[in-house]
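Asker: I'd like to go over a predicted model; first the sequence, then the structure.
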Amino acid sequence: MLEQFKKHLDKFIKISDDEFVDITQYVELRRLKKKENVLTEGQICKANYFVLDGILRKFFINEKGVQQTTEFAIENWWMTETFSYINQTATEFYIQAVHPTQLLVIRQQAYDELLEKHPALEKYFRMVYQKAYAAAQMRIKFLYEYSREELYLHFLKDQPAFLQRVPQYLVASYLGFTPEYLSEIRKKNLS
C-alpha cells in the first residue's frame with residue numbers, strides 16, 4: 001500500500017527511497033468500515049486523509065435533515081475539512097467511508113513537522129491543493145451553467161467508472177437533486 005503512495009508522490013516530486021521511508025513515519029494506516037465516519041459535525045478536524053483503496057465522501061446535514069454531499073475522494077486523492085483544519089474550529093461536515101476504505105492519515109502536528117523536514121512536500125501539497133481548487137471551481141461553473149439533466153449527463157460522460165462505484169442516492173446528493181429525480185433522468189436517457 002505504501003508503494004502506491006510513493007508512486008503518487010513521484011508524479012509530482014522526486015524523493016529518494018530513504019526520504020520516503022522517513023516520510024512514512026509521519027503517516028498512519030487506517031481501515032474504515034462502510035459508512036464509518038472519520039469526522040463528524042462538531043468535531044475539530046485534525047488530520048488529512050489519503051485514500052489508498054475505497055471512497056470517502058464529505059457531507060453536511062441541511063436544515064431539512066437531508067445529507068448533502070459536497071465532495072468525494074477516490075484512490076490517490078486527499079480529503080480534509082479545510083476550514084476546520086486551518087482554524088481549529090468545530091466543523092459542520094462529516095467525512096465518511098462510502099465502502100470499506102483504507103487510508104493514510106497524517107495528523108496536523110505530523111504534517112507540520114513533515115513539511116519542515118521535507119520541503120519538497122510543500123511543492124507536492126501545493127500542487128495537490130491547486131488541482132483540488134481547480135476541480136471545485138469547475139464544479140461550481142457546471143452547477144451554474146448546466147441544467148440538472150445536463151449536469152448528470154456531463155458527469156456520466158466524464159466519470160463513468162466513478163458512477164458505477166457510488167450508490168445512486170449519493171450521486172444525486174452530490175449533484176444536488178433527489179434520488180427520484182436522478183431515476184427519472186436515467187430512465188429518460190436509457191430509452
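Answerer: Good, I have the coordinates.

Asker: tell me, what residue is most central in the protein?
Answerer: With distances taken as Cα atoms, centre = their mean, the residue of the chain nearest its centroid is Ala73 (2.7 Å).

Asker: quick check: phi and psi on that one?
Answerer: phi -130, psi 120 (degrees, to the nearest 10).

Asker: that one and Gly54 touch, don't they?
Answerer: No - distance between Ala73 and Gly54: 9.2 Å, which falls outside the contact criterion (Cβ atoms under 8 Å). Quick note: C-beta positions are derived from backbone N, CA and C, even for glycine.

Asker: for the helix or strand of the chain with the lowest mean pLDDT, packing partners?
Answerer: When the helices and strands of the chain are scored by mean pLDDT, DSSP states H and E, helix 179-190 comes last with a mean of 84. Secondary structure elements in contact with helix 179-190, counted by 3 or more Cβ pairs under 8 Å, 6 or more residues apart in numbering; DSSP states H and E, are helix 148-158, helix 168-175.

Asker: could you rerun that using 6 Å?
Answerer: Other elements packing on helix 179-190 under the criterion 3 or more Cβ pairs under 6 Å, 6 or more residues apart in numbering; DSSP states H and E are helix 168-175.

Asker: what's in contact with the helix it packs on?
Answerer: Around helix 168-175, the neighbours that count as contacts under Cβ atoms under 6 Å, 6 or more residues apart in numbering are 67-69, 151-152, 178-179, 182.

Asker: distance to Ile23 and neighbour count for those - can I get that in a markdown table?
Answerer: A markdown table is the format used below for the contacts of helix 168-175 (distance: Cβ to Cβ, whole Å; neighbours: other Cβ atoms under 10 Å):
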| residue | distance to Ile23 | neighbour count |
| --- | --- | --- |
| Gln67 | 35 | 14 |
| Gln68 | 35 | 14 |
| Thr69 | 31 | 21 |
| Leu151 | 39 | 19 |
| Tyr152 | 40 | 21 |
| Thr178 | 44 | 12 |
| Pro179 | 41 | 14 |
| Leu182 | 41 | 19 |
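
Asker: what residues sit buried inside stretch 150-169?
Answerer: Buried positions in stretch 150-169, judged by neighbour count with 16 or more other Cβ atoms under 10 Å: 151-152, 155, 166.

Asker: tell me what angle the least confident helix or strand of the chain forms with helix 148-158.
Answerer: Counting by axes from the mean of the first three to the mean of the last three Cα atoms, to 10 degrees, helix 179-190 lies at 70 degrees to helix 148-158.
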